[in-house]
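Asks: Sequence and predicted structure, then a few things I'm wondering about:
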Amino acid sequence: MVKLIGIDLKGKTAVVTGASAGLGLEVTRQLLQLNISTVILAVRNVAKGEGVVKQLRGEPRIKSHNPNATIKVMELDVDRYDSVQRFAKRLRDEVPIVDILILNAGIGLFKLERSPSGHDRIIQVNYCSNALLIAELLPYLEACAEKTGSPTLITWVGSRTYEATSLRKTPLQPDERILEHMDSEEFFSPFTRYGDSKLLCLLFMYSLAPRLNPKKVIINMLCPGMVQTNMSSVLPFYLRVVVNTVKAIRARPVEVGGWIILNAALIVGPESHGKFFSDKEITVDNEYISSSAGQETQKKLWEETIAELSQLTTLPPQFK
């Protein structure tokens, strides 16, 4: 298991999205325990975030070892593009340097819901808004790296559930658009949609990473495995009972999930750029991603995402 021994983050600044509960909260806690100087909690509910700050400051280990850390709450609702843009602007304006960006915010739902953009909410929250956030922050993160002399790290929390994507059974037609496919009620399945969203994240990272200079920005993705969080609360009661029973037997403590995320963010080096980690190990692409259908899906996704984001913001050169 990952051991975060001997790491001192004094002088560093990290941003954690979805930091008010679950893995995001645990990662924030562990960053503070590692003596980080500044951590930004990017959360949808600011009042809840402020409560988390109070909770963290009262924890004995943080209180004794890192009492002077700057812990800041910023609003970020990844269900809305406009909130992503407001957050990105505020971060650029108020925080001189970010060393670590952990993209943790995400949801799982058991029914099709719509975001203000019109996209399926799971796709919007888990994929589209993260793609926009990276685009909005990339020049800033590169500038941070030039100031510090070290690459800025983007660690994105993914999931091995991407392997169960619905696109295996229902592949895209040659003239079919992937985001429209995911938005269609016809192709929505509550059992595969979370995995679908994580597949899009992975394919996007695979397209973006070769366009980045890893001396300035390193991006990687990981699956922390089954972790004891409350994500199953969205399930119907009969499924929640089953899932919670399995989790009670097999799920890792949230502390271990936090370690695995921070392994990707802090322990591994430049060799992690553009890679997907299952636990601590770099994984080989499955047969779908390596197939011609998977490669075509990746190409379509990149083109569609760039087209959509270009309607929202001026994209950096790497997003071409």
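Replies: That came through, no problem.
Asks: Secondary structure element holding Ser197?
Replies: Using DSSP states H and E, Ser197 falls within helix 193-208.
Asks: Only C-alpha atoms, please: export that helix in PDB.
Replies: C-alpha atoms of helix 193-208 as PDB (Å, rounded to 0.1, in the frame of the first residue of the first chain):
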ATOM      1  CA  ARG A 193     -23.600   5.400 -17.500                       C
ATOM      2  CA  TYR A 194     -21.100   6.100 -14.700                       C
ATOM      3  CA  GLY A 195     -18.600   3.900 -16.600                       C
ATOM      4  CA  ASP A 196     -19.400   5.700 -19.800                       C
ATOM      5  CA  SER A 197     -18.600   9.000 -18.300                       C
ATOM      6  CA  LYS A 198     -15.300   7.700 -17.000                       C
ATOM      7  CA  LEU A 199     -14.400   6.300 -20.400                       C
ATOM      8  CA  LEU A 200     -14.900   9.800 -21.900                       C
ATOM      9  CA  CYS A 201     -12.600  11.200 -19.200                       C
ATOM     10  CA  LEU A 202      -9.900   8.700 -20.000                       C
ATOM     11  CA  LEU A 203     -10.200   9.100 -23.800                       C
ATOM     12  CA  PHE A 204     -10.000  12.900 -23.400                       C
ATOM     13  CA  MET A 205      -6.800  12.600 -21.300                       C
ATOM     14  CA  TYR A 206      -5.300  10.300 -23.900                       C
ATOM     15  CA  SER A 207      -5.900  12.900 -26.500                       C
ATOM     16  CA  LEU A 208      -4.700  15.800 -24.400                       C
END
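Asks: Tell me which residues are up against it.
Replies: Contact with helix 193-208 is made by 106, 108-109, 120, 122-123, 125-127, 130-131, 134, 156, 158-159, 161-167, 178, 182, 219-221, 274, 276, 289, 294, 297-299, 301-302, 305, 318-319, as judged by CB atoms under 8 Å, 6 or more residues apart in numbering. Where C-beta positions appear, they are placed from N, C-alpha and C, glycine not excepted.
Asks: So which of those sit within helices?
Replies: Counting by DSSP state H, the contacts of helix 193-208 place 122-123, 130-131, 134, 178, 182, 289, 294, 297-299, 301-302, 305 in helices.
Asks: tell me the two of the residues you listed that are most distant?
Replies: Ile122 and Lys299 (22.5 Å; CB to CB).
Asks: quick one, which of these two is more surrounded?
Replies: Taking neighbours as other CB atoms under 10 Å, Ile122 and Lys299 compare with Ile122 leading, 25 against 13.
Asks: tell me the contacts of that one?
Replies: Ile107, Gly108, Leu109, Glu113, Arg193, Tyr194, Asp196, Ser197 are the contacts of Ile122 under CB under 8 Å, 6+ apart.
Asks: Check Val98 too.
Replies: Contacts of Val98 by CB under 8 Å, 6+ apart are Thr13, Ala14, Val15, Ile40, Leu91, Leu137, Tyr140, Leu141, Cys144, Thr152.
Asks: Helix, strand or coil: sort out it for me.
Replies: On the three-state scheme (DSSP: H, G, I helix; E, B strand; the rest coil), Val98 is labelled coil.
Asks: where does the stretch 201-320 of the chain dip in pLDDT?
Replies: Applying pLDDT under 70 to the stretch 201-320 of the chain picks out residues 226-252.
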